[in-house]
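Peer 1: just a sequence and a predicted model for now, questions to come.
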Amino acid sequence: MNLKPMLNVMKKLQKGVLYSKGLRLGRLDGYERLIAGIYGQPDRVPLICQPYTYAMGLHSLPSRKFFSESLPFVHASANMARYLDIDSWNPIFDFYNIELEALGQPLIWREGSEPDVDSQHPLIASEADFGRLKPPAPGRDGRMPFVLESYKRYMDVTGLQPMVYACAPFTMAVLIRGYVNFLRDMRRNPAFAHKLLDFLSMEVVVPWIAKMVQVTGPSIVVMSDAWASPPNATLEMVAEFCIPYVHKIIKATNSPIRTVFDTGVWGERAADPRAVLDMKMDMMVPGNDFKALRPFFLLVWSEDYDAVGIPLVRDYADEKKVCLLLNIYPPALEEGPPEKIAELIKRLIREGAGRGRFGLLANLIPIGTPVEHAHAVIAAIKQFGSYPVDPEKLDGMAFRMPAVEPFDDWYRREGLRI
């Protein structure tokens, strides 16, 4: 394990936290701005971006190459983040599939998209199939080597540790068993559902997290859990079949210098909003007590905050003293125009920024989105997101779209080679 990225993160963590508390020791870089935004008030609202398939499209890379070879994957992602002047980014692959593919689950590959689970051929089509399931060799099976090499390249390129990803056991069970089948298991054969979840937790996720930690020494491990969300699952199902295994994994993998938590859940619009928010906190908060390395944040998706209102989730985040993270609705970025994107960013800042503990997430920029639309996001944040944010003054502020250099011209001059 390379200790230099860990030391860099520790220095930036210290500077960001101190800045958030009012001790302004110089200007913030993007990573420090994110830290300051998580713990308090930065200089302006930070933007996190998942390069993902947009980086692939900018470089005209085939899907299988982008999601299987670490050099084009990391260099393309870094180029996109630098070109757009993103504050913080991580190497985001199809993190729901890695453990599944290593277990033997067939995937479907399509051009212009990430690979997807072949839902017509679930690996565990019947309970009898479970007996043939073998734990993968962590870091060796499937595309696990690609993931580890990508994390190493990310550290070489950025000098920072990555935030690493694992598929949470509930979502993995849905994908490996099929949604209808696993729903039936939870209702009619709960003993089998628990047996499968325990296997996926302790024999698949825990060893995979341990391997990623061995390679990267990360301070943050994120389990993503899209299927553990209303209306896909009831809150009662999540309470019985999801959260206990999340806690079990956290207990097995946390340490004083590492934070492991579950995120990716949505559903405030489909159930009691506060109950869903409480559930999210229960997936995130347990673990080590070293608060300086516990970057608590509450991620709320656009479909939900548009339905329940940003003020509700802002008030909840303030009550729990955590950072509120709002994603930017991907189709709005594709459709544009820049002025409309800027108005969306202005609304999110006006209603969500508060006095700090706030950030915006561009989780997905659709392939084909004009680069002017992507540039409009960070331009609007820079123009409207400086602290202290005065909501009453924002409405009177006009957006100024900057000139945008074509990506190909920028790449020839500054880009990392693919």
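Peer 2: Perfect, I can see it now. Residues are numbered from 1 along each chain as shown.
Peer 1: alpha carbons only: can I get the longest helix along the chain in CSV?
Peer 2: With secondary structure taken from DSSP state H, the chain has its longest helix at helix 3-20. The C-alpha trace of helix 3-20 is given here as CSV (Å, rounded to 0.1, in the frame of the first residue of the first chain):
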residue,chain,number,x,y,z
LEU,A,3,1.2,5.7,2.1
LYS,A,4,1.6,9.0,0.2
PRO,A,5,-2.1,9.2,-0.9
MET,A,6,-3.2,8.5,2.7
LEU,A,7,-0.9,11.3,4.0
ASN,A,8,-2.2,13.7,1.4
VAL,A,9,-5.8,12.9,2.3
MET,A,10,-5.0,13.5,6.0
LYS,A,11,-3.5,16.9,5.2
LYS,A,12,-6.4,18.0,3.1
LEU,A,13,-8.9,16.6,5.6
GLN,A,14,-7.3,18.7,8.3
LYS,A,15,-7.3,21.9,6.2
GLY,A,16,-10.9,21.4,5.0
VAL,A,17,-12.2,20.7,8.5
LEU,A,18,-10.4,23.8,9.9
TYR,A,19,-11.7,25.9,7.1
SER,A,20,-15.2,24.8,7.7
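Peer 1: neighbouring contacts of it?
Peer 2: The set of residues external to helix 3-20 that reach it, using Cβ atoms under 8 Å, 6 or more residues apart in numbering, is 25-26, 28-29, 31-43, 155, 158-161, 216-217, 219, 292-293, 356. C-betas here are computed from N, CA, C, even on glycine.
Peer 1: derive a PyMOL selection command for the buried subset of those.
Peer 2: Buried members of the contacts of helix 3-20, defined by 16 or more other Cβ atoms under 10 Å, are picked up in PyMOL with:
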select buried, resi 28+31+32+33+34+35+36+37+38+39+40+41+42+43+155+158+160+161+216+217+219+293+356
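Peer 1: low-confidence stretches in the chain?
Peer 2: Regions of the chain meeting the criterion pLDDT under 70 cover residues 1-2, 287-295.
Peer 1: care to break it down by domain?
Peer 2: 1-21+28-43, 90-295, 298-418 (automatic domain parsing).
Peer 1: I'd like the ones you listed as a markdown table, with distance to Ser77 appended.
Peer 2: Converted to a markdown table, the domains of the chain look like this (distance: least, Cβ to Cβ, whole Å):
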| stretch | distance to Ser77 |
| --- | --- |
| domain 1-21+28-43 | 14 |
| domain 90-295 | 6 |
| domain 298-418 | 10 |
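Peer 1: nearest to Gly57, of those?
Peer 2: Among the domains of the chain, the nearest to Gly57 by Cβ to Cβ is domain 298-418 (3.9 Å).
Peer 1: show me where the chain has strands.
Peer 2: Along the chain, the segments classed as strands by DSSP state E run 47-49, 88-89, 107-108, 116-117, 164-167, 220-224, 259-263, 297-300, 323-327, 358-362.
Peer 1: next, format those strands as JSON lines and append distance to Ser20 and mean neighbour count.
Peer 2: As requested, these are exported to JSON lines (distance: least, Cβ to Cβ, whole Å; neighbours: other Cβ atoms under 10 Å):
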{"stretch": "strand 47-49", "distance to Ser20": "16", "mean neighbour count": "26"}
{"stretch": "strand 88-89", "distance to Ser20": "15", "mean neighbour count": "24"}
{"stretch": "strand 107-108", "distance to Ser20": "41", "mean neighbour count": "14"}
{"stretch": "strand 116-117", "distance to Ser20": "39", "mean neighbour count": "18"}
{"stretch": "strand 164-167", "distance to Ser20": "24", "mean neighbour count": "26"}
{"stretch": "strand 220-224", "distance to Ser20": "17", "mean neighbour count": "22"}
{"stretch": "strand 259-263", "distance to Ser20": "17", "mean neighbour count": "24"}
{"stretch": "strand 297-300", "distance to Ser20": "13", "mean neighbour count": "23"}
{"stretch": "strand 323-327", "distance to Ser20": "10", "mean neighbour count": "23"}
{"stretch": "strand 358-362", "distance to Ser20": "11", "mean neighbour count": "24"}
